[in-house]
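Visitor: need coordinates for the following:
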Amino acid sequence: MNTALRNILKRVATTLPVLWVVVTMVFLLIHLVPGDPIAQMLGEGATAADISKLRHSYGFDQPLGTQYFQYWHGVVRGDFGQSLRLHDSVTHLILQRYPYTLALTVAAMLIGAALAIPAGVWSARRRDRWPDRTLGVVSLVGLSFPNFALGPILIVVFAIALGWLPVSGAGSGGMDFLRHLILPAITLGLGMAAILTRMVRTSMLEELGQDYIRTARAKGLSERCVVYRHALRNALNPVLTVLGLQFGSLLAGAIVTETIFSWPGLGRLTLSAISNRDYALVQGCILAIGLTYVAVNLLTDSVYALADPRMRR
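Guide: Coordinates of the predicted model:
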């Protein structure tokens with residue numbers, strides 16, 4: 001077995017305990033709700049017979065250990081139960097909404113990276129000059145501006161005042177889908193761009209001060225080649241880690257953004273399930289988000305090792 005495959009298997013093995021914790025916490029979520037979750041799901045007008053029947057259908061009348069085993073059995077088979085309010089399987093509902101949230105998150109990451117990497121490099125090359133200070137102020141403003149404030153401003157300016165982009169929804173596919181995606185993706189991506197800009201700047205400053213950069217300049221390489229071919233390539237290694245961590249933040253931020261723009265994603269479905277006390281759907285949505293976060297971090301760890309040969313040892 002070669003070294004690369006062995007390292008991948010080690011990373012997968014270290015992820016298994018995390019998966020166990022995530023699934024266990026999601027299972028316990030419904031049992032930590034104050035009061036009787038079945039009575040809350042049915043409402044105040046429910047009879048004792050209705051409560052007993054639903055409790056039996058959910059398996060809540062069985063011992064906790066048996067419920068835990070059955071929940072794991074359903075997770076392995078991809079069966080997360082039935083939605084009480086929507087009268088559909090939780091798995092089917094998640095699969096319907098998940099692509100929208102994934103598209104929004106990936107688009108926001110691309111926007112954030114496309115803005116942050118050039119800005120961070122430009123700021124590092126002009127350290128302590130007015131462009132660097134200006135970008136520092138802009139980044140601070142971006143970090144301080146929440147999504148629930150930025151989203152309505154973008155709607156007022158670009159959708160209502162200028163009429164360039166649609167206000168809400170996901171469109172009917174194709175270019176219409178992309179037009180609907182722009183505003184929510186910008187809302188999510190600008191906050192991440194502010195974080196990444198400072199990260200890229202710091203990492204670039206550290207690399208530009210290394211001996212190999214001075215050697216490259218002494219050999220007569222152009223400044224563009226030194227900065228983009230040598231320094232930036234090594235400076236992006238820690239940025240990859242931040243991108244992986246920020247993916248989880250984008251998933252959490254998508255809940256607010258999807259609500260503002262009526263985006264039919266997993267975050268909006270989660271809020272609807274919480275307001276309707278549809279606990280099986282809440283469990284499924286949170287588990288889908290948690291497993292996605294774990295998978296992305298595992299992928300980021302693997303890509304980081306491929307990008308930096310020193311991490312393979």
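Visitor: packing partners of the host helix or strand of Gly284?
Guide: Applying DSSP states H and E as the criterion places Gly284 in helix 279-307. Using 3 or more CB pairs under 8 Å, 6 or more residues apart in numbering; DSSP states H and E, the elements in contact with helix 279-307 are helix 3-29, helix 90-125, helix 232-260, helix 266-275. The C-beta positions use only the backbone N, C-alpha and C, and glycine is treated the same way.
Visitor: buried sites along that helix?
Guide: Across helix 279-307, burial judged by 16 or more other CB atoms under 10 Å covers 279-294, 296-298, 300-302, 304-305.
Visitor: how big is the angle separating the strand or helix carrying Thr215 from helix 232-260?
Guide: Secondary structure from DSSP H and E places Thr215 in helix 211-218. Going by axes from the mean of the first three to the mean of the last three CA atoms, to 10 degrees, helix 211-218 is angled at 110 degrees with respect to helix 232-260.
Visitor: gap between the closest residue in space to Asn276 that isn't next to it in sequence and Val296?
Guide: The shortest distance from Asn276 to any non-neighbouring residue, by CB to CB, 6 or more residues apart in numbering, is to Arg85 (4.6 Å). The gap separating Arg85 from Val296 is 30 Å, by CB to CB, to the nearest Å.
Visitor: next: Ala185.
Guide: In terms of CB to CB, Ala185 sits 17 Å off from Val296.
Visitor: what's the first helix or strand after the least confident helix or strand in the chain by mean pLDDT?
Guide: Ranked by mean pLDDT, DSSP states H and E, the helix or strand of the chain with the weakest confidence is helix 37-42, at a mean of 69. Next along the chain after helix 37-42, taking DSSP H and E as the criterion, comes helix 48-58.
Visitor: for the following helix or strand past that next one, buried residues please.
Guide: Sequence-wise, the next helix or strand downstream of helix 48-58 (DSSP H and E) is helix 64-77. By neighbour count on 16+ other CB under 10 Å, the buried set for helix 64-77 is Gln67, Tyr68, Tyr71, Gly74, Val75.
Visitor: can you add distance to Ala193 and pLDDT and give the residues you listed back as a markdown table?
Guide: Listed next are the buried residues of helix 64-77 as a markdown table, based on distance: CB to CB, whole Å; pLDDT from 0 to 100:
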| residue | distance to Ala193 | pLDDT |
| --- | --- | --- |
| Gln67 | 44 | 82 |
| Tyr68 | 42 | 85 |
| Tyr71 | 39 | 83 |
| Gly74 | 39 | 83 |
| Val75 | 35 | 84 |
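Visitor: same list, these, but as a markdown table with distance to Arg55 please.
Guide: Below are the buried residues of helix 64-77 laid out as a markdown table (distance: CB to CB, whole Å):
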| residue | distance to Arg55 |
| --- | --- |
| Gln67 | 11 |
| Tyr68 | 16 |
| Tyr71 | 15 |
| Gly74 | 17 |
| Val75 | 21 |
